[in-house]
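Enquirer: Structure, please.
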Amino acid sequence: MIITETISIIEGLYGESLKRITIERIVMGIFFSGVKLSNGCGGVSYTPVSEIHDDLCHASPIFTKDRPVMLKGMSAYEVLNNLSDTPMHKTIKIVVLNALSSFFLTSERYFIIEDSDVMDSINLDVTKRIGMVGAFPPFLERLKKVGNIQLNVIERRRESLIGDNAKYFIPAEDTQSVIPLCDTVIITGASIANGTIDELLSYVRSDAQVIVTGPTASFLPDAFFKRNVNVVSGVLVTRPEEALDMLSEGVGAYHLFKKCVKKINIFDRV
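Expert: As a prediction, this is how the structure comes out:
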């Protein structure tokens, strides 16, 4: 599991100091969630609202009379090891992982290009069929203009693709049969938050170009690279407090780019 492997790497890098780093502030936003840790690092992630609400009907502790888990002041070690596997707690683990990872996302450890369009890394000359998991409008608009490429957008909801874009729709039920046919696969970070990323990557051909992109994919990329991902496109939070202020008011990721985060593309050297 990608998250589990990344937690292990982070624990190895931080050691005992992980027990002294605590959550200073956390925001569970309607679109994106974020955290600021006591070491000053920040992290953000897509909020899987549907999965959290579905879980409320079954196993979430939120609607029980149990004493709620208070996050402010909790150590990073406790977050990564003691929180449950409910969608809400998984989201909290991801934002903390992203915040902790930011300290080690350096040019000394990885090949990183900042503020570039990850779409420029795709070799379209050898691409005949692209599978995009999750409708990501900027990518969709650009790929539509490329000729001689079959474009498939795998989505849970048909209404996510409106107008002329509806012709690219592939129902999520067909994921397992469609992804192996694609020589380029683009997966949005939402798949990390909703827990489908490991399954999706298991369907990808070994010779396919693979990109995982979005603010949620901002933790150490080692586990992705082990699974033949070529580029991980995430963010570094440059102004955690301002980012959390915006997320608390329901702002989406796009607006964070203007002053609170910067884009980073991390490439597998192999």
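
Enquirer: make it CA atoms for all contacts and neighbour counts henceforth
Expert: OK.

Enquirer: would you list every one of the helices in the protein?
Expert: 2-14, 49-56, 76-82, 87-102, 137-144, 175-178, 190-193, 197-202, 222-225, 240-248, 253-256 (DSSP state H).

Enquirer: mind putting the ones you listed in CSV, mean neighbour count, distance to Asp268 and mean pLDDT included?
Expert: Formatted as CSV, the helices of the chain follow (neighbours: other Cα atoms under 10 Å; distance: least, Cα to Cα, whole Å; pLDDT from 0 to 100):
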stretch, mean neighbour count, distance to Asp268, mean pLDDT
helix 2-14, 16, 16, 97
helix 49-56, 15, 31, 78
helix 76-82, 18, 26, 96
helix 87-102, 26, 17, 96
helix 137-144, 13, 21, 86
helix 175-178, 16, 25, 96
helix 190-193, 23, 19, 92
helix 197-202, 17, 16, 96
helix 222-225, 19, 6, 97
helix 240-248, 21, 27, 95
helix 253-256, 16, 25, 82
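
Enquirer: mind putting these in a markdown table, distance to Lys263 included?
Expert: Below are the helices of the chain laid out as a markdown table (distance: least, Cα to Cα, whole Å):
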| stretch | distance to Lys263 |
| --- | --- |
| helix 2-14 | 20 |
| helix 49-56 | 24 |
| helix 76-82 | 24 |
| helix 87-102 | 12 |
| helix 137-144 | 15 |
| helix 175-178 | 28 |
| helix 190-193 | 17 |
| helix 197-202 | 21 |
| helix 222-225 | 18 |
| helix 240-248 | 14 |
| helix 253-256 | 10 |
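
Enquirer: With respect to Phe267, which of those helices lies nearest?
Expert: helix 222-225 (8.7 Å; Cα to Cα).

Enquirer: Of the helices of the chain, which is nearest Ile264?
Expert: When those are compared by Cα to Cα, helix 87-102 sits nearest Ile264, at 10.7 Å.

Enquirer: between the closest one and helix 2-14, how big is the angle?
Expert: On the basis of axes from the mean of the first three to the mean of the last three Cα atoms, to 10 degrees, helix 87-102 is oriented at 40 degrees to helix 2-14.

Enquirer: between the helices of the chain, which one is nearest to Asn123?
Expert: Closest to Asn123 of these, according to Cα to Cα: helix 137-144, at 12.2 Å.

Enquirer: between the helices of the chain, which gets nearest to Leu161?
Expert: Closest approach to Leu161 among the helices of the chain is made by helix 137-144 (9.1 Å; Cα to Cα).

Enquirer: Any figure for the gap between Thr127 and Gln209?
Expert: Using Cα to Cα, to the nearest Å, Thr127 is found at 9 Å from Gln209.

Enquirer: list residues touching both of the two?
Expert: Residues touching both Thr127 and Gln209 (Cα atoms under 8 Å, 6 or more residues apart in numbering): 183-184.
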